[in-house]
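Undergrad: Pasting the sequence and the predicted coordinates here, then a few questions.
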Amino acid sequence: METFLTPSNITFILGILAIIFSVFNYFRNPQITVEKKQIQADEELKDKATILSQKEVENKANVLEKQFQWYMNSNEKKFAEFAKRLEDAFLMASNHTHTVDVKVDGLIKESNDWHLKISNQMTDLSRIIEERVPRK
């Protein structure tokens, strides 16, 4: 009986095992490499997504800040315009009030002059009537 464990058989079996192991490693190592690259890409993508979301938040904050600044400037302009209009309205009201005061003073003076004139005429008429009409 020949022994099965001859050096050539052992070499043959080791060779086959080496070939099987090489084929296994040939297919396994690229998959591990691909998985490592995928994990690394996922982490980079996650970092990029975080950076992008931070930039997006910053951009939104900048846009909101600009909108708020425009709104504040618009309100300041509106209030300044309103203050100017209010000041003009008070000035016009003051001018009109002064004009009315001057006209009322003129009317009062004219009325007093007219009453004085009428009073003088009535006095004259009364004197004329008394002179012409004898008393009984």
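TA: Perfect, I can see it now. Quick caveat, the model's predicted, so the values are computed rather than measured.

Undergrad: For the protein, which segments count as helices?
TA: Shown for the chain, the helices assigned by DSSP state H span residues 7-132.

Undergrad: So, low pLDDT: which residues of it?
TA: Flagging of the chain using pLDDT under 70 yields the residue ranges 1-2, 136.

Undergrad: what residue is smack in the middle of it?
TA: Phe68 (2.9 Å; C-alpha atoms, centre = their mean).

Undergrad: give the contact list for it.
TA: Contacts for Phe68 (C-beta atoms under 8 Å, 6 or more residues apart in numbering) come out as none. (Each C-beta comes from the backbone N, C-alpha and C, glycine too.)

Undergrad: Check the gap between it and Asn25 for me.
TA: Applying C-beta to C-beta, to the nearest Å, the value for Phe68 to Asn25 is 62 Å.

Undergrad: Would you quantify the distance from the residue nearest to the centre of the chain to Ile51?
TA: In terms of C-beta to C-beta, Phe68 sits 25 Å off from Ile51.

Undergrad: can you check Thr99 too?
TA: 71 Å.

Undergrad: same check, this time on His96
TA: Distance, His96 to Ile51, using C-beta to C-beta: 66 Å.

Undergrad: cool, and Thr97?
TA: Using C-beta to C-beta, one gets 67 Å for the distance from Thr97 to Ile51.

Undergrad: mind listing what's buried in stretch 23-40?
TA: Within stretch 23-40, no residue is scored as buried using 16 or more other C-beta atoms under 10 Å.
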